[in-house]
Each structure stands twice: as C-alpha cells, then as structure tokens.
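Colleague: could you work out the structure for the sequence below:
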Amino acid sequence: MDLKEYEVWKKVDDYFGNTIEPWAKKASTTNTSYVDNSEIGWDVMANPRVVYYKVRAVDQSDNYSDYTGTQQFYCNNGPQLNRDKEGPLTLSLLPARFMLEDNYPNPFNPVTVIRYALPEAASVVLEVYNMNGQRIISLQNGTQQAGYHSARFDGGALSSGIYIYRLSATGNESGKRFSAVKRMLLIK
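Modeller: Residues are numbered from 1 along each chain as shown. Now for the predicted structure:
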C-alpha cells in the first residue's frame, strides 16, 4: 500500500453508553500520530464521557484498510483523560503489532486484495502458493516502512481452487519475526 493518509474516526458516548456524537471522520493525516484538542462537552464533571477512536489507512488509489481496534478513553473533567492524564489526547496511528488480514473479497474472481500491518520497518516476503505447495507468485519481497499495506493478487491465469498466502516479516529494529498463513478461494 502506497500510503496516502490515515483517517481518524471518533465517537462520544455518555457514561451509560448513550451516543452523544456518532462515529464521524475527524481528521486525515500523513503523520503517525494524531492530537485531539477538541472539546468533549460542557458538563463532563456531572456527566462523564467515553471517547472512542479508530483509524484506517488510505492508499494512493483510494483503497481502504480495515479499521484498527477501537481505543477507548474516559473523560471526566475537561481535558483530563483516563482520569489521570492531562492535556490533549495523542493517538499512535501505527499498528501495535504485525498482522495479516483476510483477503477481500473472498471468494474472488479474479482479483483480491491482501492487507497486512507492520508496527516497525521490516523485511517482508508475501507469497502465494497452490495446494501442492508450489509458489505461484511473490507479491512483496523487500523492506517496507511501518504502517498498513496491501497487495493486489490477480488469479486470472489460474484455475479455480484454494490458494494459500503467506506473510513473513522481520522487524528491522527489534529483530522480531512474524509469520502467518491464510487461505483464499478463487471461483471462476
């Protein structure tokens, strides 16, 4: 994925789970962190708020990653967050861990997108195999920056069936190794 930007989405509930502000996109940024200086509400002392954030990446072709997991913060006195932190809220927009997502669409005909996340710059190998264990194609083989990435797989020249895709990554800084395998179904 050639990153275009990150979208930051926000929702605000009262303490009892009633929605005050529904999910809405609050910002787009190319930075790996986001600072929210917005006001939460005028009456947070008497009515504490719960603020939720989620993030997704957008590539240059306007393809979207899945949303990150939701981050939740309790606000009970103006800018105080989590009851003990003061000042604006800063969110990290980088993934917290290595991750290989399910391809989409699945089943597919003949094109699908494989998305994955890197919490740090890493050496990455993303390959597709048939059920006999033969490598069909290497979609990525090299170093990539931290963030959300995607690779397009075109099975137009292949026959219908189950294919395997495998992501192997080694963090450049931590040396942490990650490997994951998933299946996808090509139907013509």
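
Colleague: now the strands for this structure?
Modeller: Ranges of strands in the chain, per DSSP state E, are 3-14, 19-29, 33-36, 49-59, 71-77, 80-81, 89-92, 99-100, 111-118, 122-129, 135-144, 147-154, 161-171, 177-186.

Colleague: where among these is the average confidence lowest?
Modeller: Ranked by mean pLDDT, the strands of the chain bottom out at strand 80-81, with a mean of 39.

Colleague: so what are the structural domains in this protein, by residue number?
Modeller: 3-92, 99-186 (automatic domain parsing).

Colleague: just to revisit the earlier point, now the strands of the chain as CSV including mean neighbour count and distance to S65?
Modeller: Every C-beta, even on glycine, is put in place using the N, C-alpha and C of the backbone. As requested, the strands of the chain are exported to CSV (neighbours: other Cβ atoms under 10 Å; distance: least, Cβ to Cβ, whole Å):
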stretch, mean neighbour count, distance to S65
strand 3-14, 18, 9
strand 19-29, 13, 14
strand 33-36, 16, 16
strand 49-59, 19, 4
strand 71-77, 15, 16
strand 80-81, 18, 26
strand 89-92, 16, 15
strand 99-100, 19, 10
strand 111-118, 21, 5
strand 122-129, 18, 15
strand 135-144, 14, 14
strand 147-154, 19, 4
strand 161-171, 19, 15
strand 177-186, 15, 16
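
Colleague: any idea how far N103 lies from Y53?
Modeller: 26 Å (Cβ to Cβ, to the nearest Å).

Colleague: centroid residue for the chain?
Modeller: Closest to where the C-alpha atoms of the chain average out (Cα atoms, centre = their mean) is T68, at 4.5 Å.

Colleague: pretty sure that residue contacts A57?
Modeller: No: T68 is beyond contact range of A57, at 9.0 Å (criterion: Cβ atoms under 8 Å).

Colleague: P105 - nearest residue in space that isn't next to it in sequence?
Modeller: T112 (6.0 Å; Cβ to Cβ, 6 or more residues apart in numbering).

Colleague: surely the one you found meets M184?
Modeller: Yes: T112 is within contact range of M184, at 6.1 Å (criterion: Cβ under 8 Å).

Colleague: could you tell me which residues touch both of the two?
Modeller: N103, N106, F153 (Cβ atoms under 8 Å, 6 or more residues apart in numbering).
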